[in-house]
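missing the sequence, but the structure's below:
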DNA sequence: TCGTAACAATGAAACGATTCAAAGGCGAGA
DNA sequence: TCTCGCCTTTGAATCGTTTCATTGTTACGA
């Protein structure tokens, strides 16, 4: 169990100076072919691998970007992270992934960790009130781009989707089908995305005479939570059911669907039209294929890295807020009975 | 944009030696309360954060474990990684996550990266033939635990699920329902998990007179790939259809289901019984709730970290191969017509 | 043949935290 | 008052890499 070879070992083995070995690795054209070959052979023979810690100690920063998401289990973020990873790789950077799980403490923990790692920058979809911490980080040359969250442009760049517009789209779609007793499922409302989607839905409902929207707070964002809401909805009896349900995300919608159709025989979309949000892969393979609002996750991830790179490169960057507009995806769960032959 | 504060800055600010600051951080009880308070105040005022690069340079290793999975999009791995993360956190270690995407080059790339990072150890669910590289790493004090893959115990520890037993369970279940014309969907067969599941299925089929199993190679492991297989199955016409399909994972099964039921009106389970593998969250909310084989992902992740820790602690550890047995989960997609009233 | 420019290779210094042998300070007991 | 021992604090050495001013070498034109 021998210690890992260092650049010094390589230098000795190849009979050159340490600086030369370093040049072979970082400035190959400054080194003559003869020497280079000798060094490369030594590297090979010793199985030398660069020590990144020493490297970034010298450099003062790593080649790493920290990403803190709300929930890695959520396909929206999985997809986003993957796009960010690919985009970062182009610049030779790797991604460190942290999952806050909607918990401000865990979030804070990851910011600590990433700060210790001296990440180049941060992509974060914040839970708690971390603006001041991030501001302090920025002052030290570690920029942050907020993801899935519109930022105050004076302070940070951000990439987001217009959740209000998404909520409007969803509710408007239900209203266009002739539904009037709408319900919004989502929670906790303290999450900005959730409350924005609700606000958009309210806006749409306000435009239509005789339309009403009730809010059903869910305990979390999972299929299970959705099922819970569905079950409590069923307890009301058929007369008090909404005829259109908009869920703050697809997982909730799938849970609601499960509860209504499988356990209680409610027909979707005939009795109740249902629409989710995020358009995850599984939306299409639900009991009744689920209508949803699609967010351009790839573009979000890519753009986030782009904005971060801008901030890293420029001396006094202007912060930018890029807002993507989501898109309505109609499937069977809201295929209006009118539309069905 | 000031440089980040170093331990030296803290020492100056608090009027103590650098060694004292280090002691405050690492051996608080060696320092008098008076001094400690002064140092802590300085740390606070300067916003000092430990530089992990310097720390691990000195230490010779990081407090990090590298994890390379086949596909982060696959909930099996997401769940496994999360469990591993939690288990590692108990030892004060963090996890670096790499996604090989079934690509030996990407896998190799991540091993390089993690080696540069001087990870303490590696959890890997290998694609290519990396045994020799991992062996070399182990010789240098960086142990590996193979995940979801039975290892040669002479060389590595491993945590796996008995895929052969799982395949047997699935096929046996279909046979018990009276199905005789079985099909196995999965690919590429070069992936050990896939071929093991197939082998188990073959074993079950061999036990029953008049039972046959055909193999349908899928192009990947996604819902889309499954849909592709389903479509090409439909082109055969009704007479040539299998009456029981076993898919190497749930994503494939959902794709097949989609193709057969939604696009082609095949009844599941009446015409064709369908079973998947992994029992992902969405299995239960598919068009027809999907029977599956459940793997204990949490236990796998936890155990993997446990084995790794053993190898790190012991001088001459004995390698262990822990094999979990999967479990049959019956849902509607194989609820035998016999069983339905 | 000499001078000079272009090119190669050198090796010491620096990055920031940890470690550890050594020094300093203090009080108690002789 | 002196000594011994204990507790606290010190600061130089170390980890492995990169950088850069310096030295050494070569080739070419005058």
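Yep, it's here. None of these values were measured; they are calculated from a predicted model.

just give me the neighbour total for whichever residue of chain A sits closest to DNA strand D.
Closest approach between chain A and DNA strand D, counting by Cβ to the nearest atom of the strand: residue A:7, at 2.8 Å. All C-beta atoms are positioned from the backbone trio N, CA, C, and that covers glycine. By other Cβ atoms under 10 Å in any protein chain shown, the residues close to residue A:7 number 20.

can you report how many residues lie near the closest residue to it other than its chain neighbours?
What sits nearest to residue A:7 in space, not counting adjacent residues and going by Cβ to Cβ, 6 or more residues apart in numbering or on different chains, is residue A:21, at 5.0 Å. By other Cβ under 10 Å, 26 other residues sit near residue A:21.

just checking, what packs against the worst-scoring helix or strand of chain A on mean pLDDT?
Least confident helix or strand of chain A, by mean pLDDT, DSSP states H and E, is strand A:94-99 with a mean of 86. When contacts are defined as 3 or more Cβ pairs under 8 Å, 6 or more residues apart in numbering or on different chains; DSSP states H and E, strand A:94-99 packs onto strand A:64-69, helix A:75-90, helix A:104-116.

among these, which is the most enclosed?
Among the helices and strands packed on strand A:94-99, ranked by average contacts under mean count of other Cβ atoms under 10 Å in any protein chain shown, first place goes to strand A:64-69 (a mean of 26).

any idea how far the residue nearest the centre of chain A lies from residue B:38?
Compute the mean C-alpha point of chain A, and by Cα atoms, centre = their mean the closest residue is residue A:77, 3.4 Å away. The gap separating residue A:77 from residue B:38 is 43 Å, by Cβ to Cβ, to the nearest Å.

and chain B, is stretch A:144-157 touching that?
No - Stretch A:144-157 is not in contact with chain B by Cβ under 8 Å from any Cβ of the partner chain; minimum separation 14.1 Å.

tell me the residues of chain A that contact DNA strand C?
For chain A, the residues in contact with DNA strand C (Cβ under 7 Å from any atom of the strand) are A:15-20, A:22-23, A:30-32, A:34-36, A:54, A:57-58, A:60.

narrow those to those in strands?
Using DSSP state E, the subset of the residues of chain A next to DNA strand C located in strands is empty.

list only buried entries from the residues you listed.
Buried positions within those, assessed by neighbour count (16 or more other Cβ atoms under 10 Å in any protein chain shown), are A:16, A:20, A:22, A:23, A:31, A:35, A:36, A:54, A:57.

and these near chain B, which?
Contacts with chain B within those, as defined by Cβ under 8 Å from any Cβ: A:54, A:57.

show me the strands in the stretch 151-300 of chain A, by range?
In the stretch 151-300 of chain A, the strands defined using DSSP state E, counting those that start in this stretch lie at A:157-161, A:181-186, A:212-217, A:244-247, A:273-275, A:292-294.

among those, show me which one is buried the most.
Buried most deeply of the strands of the stretch 151-300 of chain A, by mean count of other Cβ under 10 Å, is strand A:244-247, with a mean of 31.

which positions in chain A make contact with DNA strand D?
Near DNA strand D, when you scan chain A using Cβ under 7 Å from any atom of the strand, you find A:3-4, A:6-8, A:18-19, A:21-23, A:25-26, A:48, A:50-51, A:54-55, A:57-59.

swap the cut-off to 6 Å and go again
A:6-8, A:18-19, A:22, A:25-26, A:50-51, A:54-55, A:57-58 (Cβ under 6 Å from any atom of the strand).

nearest spatial neighbour of residue A:197, skipping sequence neighbours?
That would be residue A:167: by Cβ to Cβ, 6+ apart, it lies 3.7 Å from residue A:197.

give me the number of residues near that neighbour?
What residue A:167 shows, counting by other Cβ under 10 Å, is a neighbour count of 29.

my guess is it contacts residue A:205. True?
No - using Cβ atoms under 8 Å, residue A:167 makes no contact with residue A:205, being 10.1 Å away.

how does chain A divide into domains?
A:7-50, A:63-161+A:297-325, A:163-295+A:329-334 (automatic domain parsing).

okay, those in CSV with distance to residue B:277 next?
CSV is the format used below for these (distance: least, Cβ to Cβ, whole Å):
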stretch, distance to residue B:277
domain A:7-50, 37
domain A:63-161+A:297-325, 20
domain A:163-295+A:329-334, 16
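
out of the ones you listed, flag the one nearest residue B:153.
domain A:7-50 (25.0 Å; Cβ to Cβ).

end-to-end on the closest one?
For domain A:7-50, the first-to-last residue distance is 8 Å (Cα to Cα, to the nearest Å).

equivalent analysis for stretch A:311-328, please.
33 Å.

anything in it near chain B?
No - Stretch A:311-328 lies apart from chain B when judged by Cβ under 8 Å from any Cβ; the minimum separation is 8.8 Å.
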